[in-house]
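Participant: Here's a sequence, model it:
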Amino acid sequence: MASSTNNQLILVLFSFLLILKTSSSFGNHSSTDGILPFAPKHVVVVNKLTSQAKLIAHCTNKKRSGVKELLPGSSFDFRFRVNLRKTTRYICTFEWPGNKVTFDIFRVDRDDTPKSEFGVCRECIWYIYEPAPCRLDRDAGIPYCFDWNS
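Facilitator: Numbering: from 1, shown residues only. The predicted structure is shown next:
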């Protein structure tokens with residue numbers, strides 16, 4: 001009897017994993033984004049300063065850190081997976097002549113929660129302007145702009 005129950009459990013688990021794999025392989029968004037832990041994320045940061053100044057970006061989380069110099073119009077990117085507790089957060093400090101500001105470039109509550117008014121992003125594309133960082137909504141074609149942290 002136990003063998004039959006184990007076989008059924010294995011079949012259910014296999015079916016779930018097959019559905020999960022299939023649903024996450026279509027396009028940039030999947031029905032599991034924002035629901036399950038370990039969701040893959042791709043953050044892209046683009047220098048859109050209207051002053052045409054060089055942008056220095058220093059992005060960090062608890063485990064990773066990096067500094068990039070971006071000429072006008074250039075970009076950099078990084079990839080990661082949301083952690084099991086869904087507390088993943090990346091903070092960036094941006095500097096250009098006469099300015100130094102910080103911003104949470106990725107926050108689970110804003111960027112990986114289906115109930116967020118900004119939607120779930122698998123590919124989070126950020127345009128950095130002087131007045132505000134703006135996340136591009138590729139589906140709607142409109143940017144969501146936010147206040148700097150400081």
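Participant: shaky segments in this protein?
Facilitator: Within the chain, the segments meeting pLDDT under 70 span 1-37, 139.
Participant: For V67, list the residues it contacts.
Facilitator: With contacts defined as CB atoms under 8 Å, 6 or more residues apart in numbering, the neighbours of V67 are 56-58. The way it works is simple: take the backbone N, C-alpha and C, and place the C-beta from them, glycine included.
Participant: Output those in TSV, with neighbour count and secondary structure appended to each entry.
Facilitator: What follows is the contacts of V67, written out as TSV (neighbours: other CB atoms under 10 Å; DSSP: H, G, I helix; E, B strand; the rest coil):
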residue	neighbour count	secondary structure
I56	15	strand
A57	22	strand
H58	15	strand
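Participant: Show me which of these is closest to C134.
Facilitator: Distance to C134, by CB to CB, is smallest for A57 among these, at 14.9 Å.
Participant: So which bits of stretch 103-118 are buried?
Facilitator: 103-108, 110-113 (16 or more other CB atoms under 10 Å).
Participant: on that earlier part again, could you dump the contacts of V67 to TSV with distance to S74?
Facilitator: Formatted as TSV, these follow (distance: CB to CB, whole Å):
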residue	distance to S74
I56	12
A57	11
H58	16
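Participant: Between those residues, which sits nearest I125?
Facilitator: Within the contacts of V67, distances to I125 taken as CB to CB reach their minimum at A57, with 14.1 Å.
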